[in-house]
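Chemist: Provide a 3D model corresponding to the input given below.
(chains A and B, ligands or ions: 5)
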Amino acid sequence: MSETPLLDELEKGPWPSFVKEMKRMADVKPYAKNVLLQLERSYREKVTHWKHGGIVGVRGYGGGVIGRYSDLPPEVMPTPEVHTLRVAQPAGWFYSTKALRKLCDVWEKYGTGFINLHGSTGDIILLGAPTGNLQPCFEELISIGFDLGGSGGDVRTLSCCGGPAFCQWSCIDTLDMYHELTMELQDEIHRPRFPYKFKIKISGCPNDCVAALARADLAIIGTWRDSIKIDQEAIKEYARQGVNISGVAARCPPQALEWDGKELRVIPEDCTRCMRCLGALPKAILPGDERGVSILLGGKATILQGAFLGWVIVPFMKADKPYTEVKDLIRRILDWWDENARTRERIGELVYRVGMRTFLKAVGLPPVPQMVYLPRANPYYFWSPEELEEVK
Amino acid sequence: MAAEKKYITDIGPPHYREMVHPVLLKNYGKWRYHEYVAPGVIKHVSMNGEEVYMVRAAVPKIVSVYFVKELCDVADKYSDGYVKFTSRHNVEFIVTDKKKLDGLLKELKDRGWPVGGTGRSLKAIIHTQGWVHCHTAIIDAPGLAKALYDDLYEYFARDDLPGKLKIAVACCLNMCGAVHCSDLAFVGMHRKPPVVNDDIVSRLCEIPTLVASCPTAAIRPAPEKKSVIVNEERCMYCGNCYTVCPGMFIHNPKYDCLSMWVGGNAVAGGPPEFSRLAIPYLPNNPPRWPEAVQAARRVIEVWIKHAKKGERIGDWIKRIGWERFFTLTEIPFTDKHIDDFTFSLPTFRTTTLFKWK
Ligand code: HEM
Ligand code: SF4
Ligand code: SF4
Ligand code: SF4
Ligand code: SF4
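Modeler: Numbering: from 1, shown residues only, chains lettered A, B, ... in the order given. Ligands and ions are numbered 1, 2, ... in the order given. As a prediction, this is how the structure comes out:
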């Protein structure tokens, strides 16, 4: 009789099975098998068997390792420590197989051998190692060029889209910005000292392939300020092939495109950079030349006051290497949040509580109409004493 | 004896220049356009005419180191020793020699690694950790994701759906994933307030933090026992108190369940939309959650049948109206569907303009 009759059901079906993967490790590692058997028990009882937290880590860091202890008695679960390491991924999740193989060797030696490629924040997740293995595993990871990511009240591991490595739409060097900001923020990532988590994600264009806007406390999204570039020859070629150019123009949300049967013209000041026409006619339309980033603040899932989507705090900012302006802004925001937030209050919730007015003043950003869909509809606004001084 | 090794920290991730395929580096920032060649295969063409094929395959979220080494074997053979992963956790092989493309596709097929997820297809399901890792997991997200994938398998390798189909599964309300902005999503739910263990609360938890953790102010201090009391009528079972304090035990397998959400998206093309409640209760029925899988299939089939080309689930519902959505899918509308949390007012219909069904 199988020891895992319920999980065996998940070996069936056409999709690759994580249970098969877990069994491959369980077959060679009794430690991994214990975890598999605990999982089977959860399937049977419909309840998790992990205790709450538990502080473990590696020397010199406060984050990057999640403590996990089984709540089952030792005769049922003989290896109760099953901690998880978050390992920071290379920019854009690009790997040489050489690096990946080394990572596998280290992990096979010290842990269950179960990996997530990747966690939803972006890290490589190494699932399950006993306490005593954490330090040597970390040191060996360092020796092959990998480092831990964030956890707890810190700047979490950043993430970015593949951008200029394969995509014609990237308005910024996402990979380089990811790497530079990550290096700049090493201390903030590895040593939690903030009220709660702080996520930064970078997308090269408004398509936002890493969903920064919905998931990041600070979303950095590549954009341009001048006009899209239209290659009229390529447009003609599309038209010759029977592509419906007038349909593309009709689907431009702000009606910024005009097609007269020969030429596709854009009214640049009406274009909102929605990327639709670029996606429909990739050979003919490219982003403009005056490139930089838009920055949005406050995106997060439901916990606690409801889900927030990031909102614009900077409509346009230059973002050339070494990204000094972006770095300075991040530091001003982190400092203000650190000083003003309650425990476990995300930046978006803090700004919502104290008001954009207070936030903008504190970090030195000017209010602009691009920040809102609509101006206020109630008469309850504030004046600061300095403003009243000016009225003589 | 060698000198004591220096303790090295804060090196950050490997530098991308060593991880990106050399042909991609050569054309870095000089890409001209891309083209969908077949489901799962995208051709990228650079300004100087160089062509690269990116081949996308699905990977289970939990894999063994042996699997990763197999990925590496395939990458060594077909993509010069380089791979990349997408933001939805698919793997992509980078093929610079068109002649290798068929061999790669065949090898992926033989290995049973699904190729697809491009264009108007089912995208990789984003899901959270579940019972293998997390102490707040109500359902096992990896298991439900696998059951959904098996059922919806065909849609991954087909790019003729009305629009993209992005599914997410979260095992608890912390939603470590993009559940709140997905076309279709499942979330594990509690239905009973936490049971306070005064001994644990008094020993391990900071009372003011615990009281403040409750979004509905259902928790009040009980100084005489150095613990707290829960006003059960105010509790909406979010589990946040359990996240901050192990003495607020909230798991209750007899009542815990799943919920299904629809119509969210996180694209920039229009403003992003939150997923909305479709089904407040589905049984937590491992190992294959048949009721949940069937509910997903029903909504997807109705959407495919009724949506116009280009419409994702949320676009389609916006056009036909929510009342029509509930009619077409035959999902009962209940008091659970009417928001009574923060920011609920804008969801009430402040007009007499609506459809009857
Ligand atoms: C306070 C409660 C928690 C909240 C609100 C929360 C929320 C989140 C969110 C929103 C993400 C992904 C965000 C993104 O898309 O980038 C995430 C990632 C993750 N969460 Fe949680 N989570 C919580 C607790 C936990 C717990 C208790 C565990 C398990 C011990 C856990 C495990 C993970 C893992 C493994 C990831 C992926 C991390 C990575 O890729 O670096 N979370 N969490
Ligand atoms: S976000 Fe834009 S630049 Fe980045 S990969 Fe997606 S489409 Fe390309
Ligand atoms: S990017 Fe969008 S808004 Fe701008 S011209 Fe193209 S379709 Fe219109
Ligand atoms: S969704 Fe909940 S249970 Fe699942 S990993 Fe996140 S915190 Fe844990
Ligand atoms: S489960 Fe949520 S609502 Fe209920 S007492 Fe805990 S924090 Fe409050």
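
Chemist: which SS state does A:E345 fall under?
Modeler: Under DSSP: H, G, I helix; E, B strand; the rest coil, A:E345 falls in the coil class.

Chemist: contact partners for the closest residue to it other than its chain neighbours?
Modeler: Nearest residue to A:E345 in three dimensions, chain neighbours excluded: A:P195, at 5.6 Å (C-beta to C-beta, 6 or more residues apart in numbering or on different chains). (Each C-beta comes from the backbone N, C-alpha and C, glycine too.) A:P195 makes contacts with A:153, A:337-338, A:341-345, as judged by C-beta atoms under 8 Å, 6 or more residues apart in numbering or on different chains.

Chemist: of all those, which two lie farthest apart?
Modeler: A:D338 and A:R344 (13.3 Å; C-beta to C-beta).

Chemist: higher neighbour count, the two?
Modeler: A:R344 (18 against 15; other C-beta atoms under 10 Å in any protein chain shown).

Chemist: thinking the more buried one is in contact with B:V244, fair?
Modeler: Yes: when contacts are counted by C-beta atoms under 8 Å, A:R344 is listed as touching B:V244 (7.4 Å).

Chemist: mutual contacts of these two, please.
Modeler: Common neighbours of A:R344 and B:V244 (C-beta under 8 Å, 6+ apart) are B:209, B:213.

Chemist: name the secondary structure element that contains B:A75.
Modeler: Assigned by DSSP states H and E, B:A75 belongs to helix B:65-78.

Chemist: which residues are in contact with that helix?
Modeler: A:21, A:24-25, A:97, A:100-101, A:103-105, A:107-108, A:113, A:115, A:117, B:59, B:81-83, B:91, B:93, B:95, B:100, B:103-104, B:107-108, B:111.

Chemist: for the stretch 201-350 of chain A, what lies in contact range of ligand 2?
Modeler: A:203-205, A:207-209 (C-beta under 6 Å from any ligand atom).

Chemist: same thing but at 8 Å, please
Modeler: Contacts of the stretch 201-350 of chain A with ligand 2, taken as C-beta under 8 Å from any ligand atom, map to A:203-210, A:221-222, A:275.

Chemist: what about the residues you listed, which are in strands?
Modeler: A:203, A:221-222 (DSSP state E).

Chemist: filter the contacts of helix B:65-78 down to the buried ones and hand me the ChimeraX line.
Modeler: Applied in ChimeraX, the following selects the buried portion of the contacts of helix B:65-78 according to 16 or more other C-beta atoms under 10 Å in any protein chain shown:
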select /A:21,24,25,97,100,101,103,104,107,108,113,115,117 /B:59,81,82,83,91,93,95,100,104,107,108
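
Chemist: now, the contacts of helix B:65-78 that are in strands?
Modeler: A:115, A:117, B:82-83, B:91, B:93, B:95.

Chemist: which regions of chain B sit below the pLDDT cut-off?
Modeler: B:1-3, B:268-270 (pLDDT under 70).

Chemist: mind saving the C-alpha coords of the helix holding B:A75 as PDB?
Modeler: The C-alpha trace of helix B:65-78 is given here as PDB (Å, rounded to 0.1, in the frame of the first residue of the first chain):
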ATOM      1  CA  VAL B  65      17.000  19.600  -8.000                       C
ATOM      2  CA  TYR B  66      17.000  16.700 -10.500                       C
ATOM      3  CA  PHE B  67      14.300  18.400 -12.500                       C
ATOM      4  CA  VAL B  68      16.300  21.700 -12.500                       C
ATOM      5  CA  LYS B  69      19.300  19.700 -13.800                       C
ATOM      6  CA  GLU B  70      17.100  18.300 -16.600                       C
ATOM      7  CA  LEU B  71      16.100  21.800 -17.500                       C
ATOM      8  CA  CYS B  72      19.800  22.500 -17.700                       C
ATOM      9  CA  ASP B  73      20.500  19.500 -19.900                       C
ATOM     10  CA  VAL B  74      17.800  20.700 -22.300                       C
ATOM     11  CA  ALA B  75      19.200  24.200 -22.200                       C
ATOM     12  CA  ASP B  76      22.700  23.000 -22.800                       C
ATOM     13  CA  LYS B  77      21.500  21.000 -25.800                       C
ATOM     14  CA  TYR B  78      19.300  23.600 -27.500                       C
END
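
Chemist: just want the angle from it to strand B:91-95.
Modeler: 20 degrees (axes from the mean of the first three to the mean of the last three C-alpha atoms, to 10 degrees).

Chemist: list the buried residues for helix B:65-78?
Modeler: Neighbour count says helix B:65-78 has B:65, B:67-68, B:71-72, B:74-75, B:78 buried, by 16+ other C-beta under 10 Å.

Chemist: need the residues you listed in a markdown table (columns: distance to B:V187).
Modeler: Shown next, in a markdown table, are these (distance: C-beta to C-beta, whole Å):
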| residue | distance to B:V187 |
| --- | --- |
| B:V65 | 31 |
| B:F67 | 28 |
| B:V68 | 29 |
| B:L71 | 30 |
| B:C72 | 35 |
| B:V74 | 35 |
| B:A75 | 35 |
| B:Y78 | 38 |
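
Chemist: how about the residues of the stretch 1-150 of chain A by ligand 4?
Modeler: Going by C-beta under 8 Å from any ligand atom, the residues of the stretch 1-150 of chain A near ligand 4 are A:T48.

Chemist: re earlier: now the contacts of A:P195: which count as buried?
Modeler: Of those, these count as buried by 16+ other C-beta under 10 Å: A:153, A:337, A:341, A:344-345.

Chemist: which of the residues you listed scores worst on pLDDT?
Modeler: Among the buried ones among the contacts of A:P195, A:R344 carries the lowest pLDDT, at 91.

Chemist: how many neighbouring residues does A:G222 have?
Modeler: 27.

Chemist: scratch that, A:R240 is what I was asking about
Modeler: 8.

Chemist: identify the residues contacting the residue of the stretch 201-350 of chain A found nearest ligand 5.
Modeler: Using C-beta to the nearest ligand atom, A:L304 is the residue of the stretch 201-350 of chain A that sits closest to ligand 5, at 8.7 Å. By C-beta under 8 Å, 6+ apart, the residues touching A:L304 are A:344, A:349, B:213, B:215, B:238, B:240.

Chemist: pretty sure the last one sits against B:P215.
Modeler: Yes: the pair B:N240 and B:P215 qualifies as a contact (C-beta under 8 Å) at a distance of 6.5 Å.

Chemist: more neighbours, the two?
Modeler: B:N240 (25 against 18).

Chemist: from ligand 1, how far out is the more buried one?
Modeler: Note on B:N240: its distance to ligand 1, by C-beta to the nearest ligand atom, to the nearest Å, is 7 Å.

Chemist: same check on B:K305?
Modeler: 32 Å.

Chemist: return the set of buried residues in the helix or strand hosting that residue.
Modeler: Taking DSSP H and E as the definition, B:K305 sits inside helix B:290-306. When neighbours are counted by 16+ other C-beta under 10 Å, the buried residues of helix B:290-306 are found to be B:291-293, B:295-296, B:299-300, B:302-303, B:306.

Chemist: how is chain A divided into domains?
Modeler: A:5-143, A:159-225+A:290-386, A:229-286 (automatic domain parsing).
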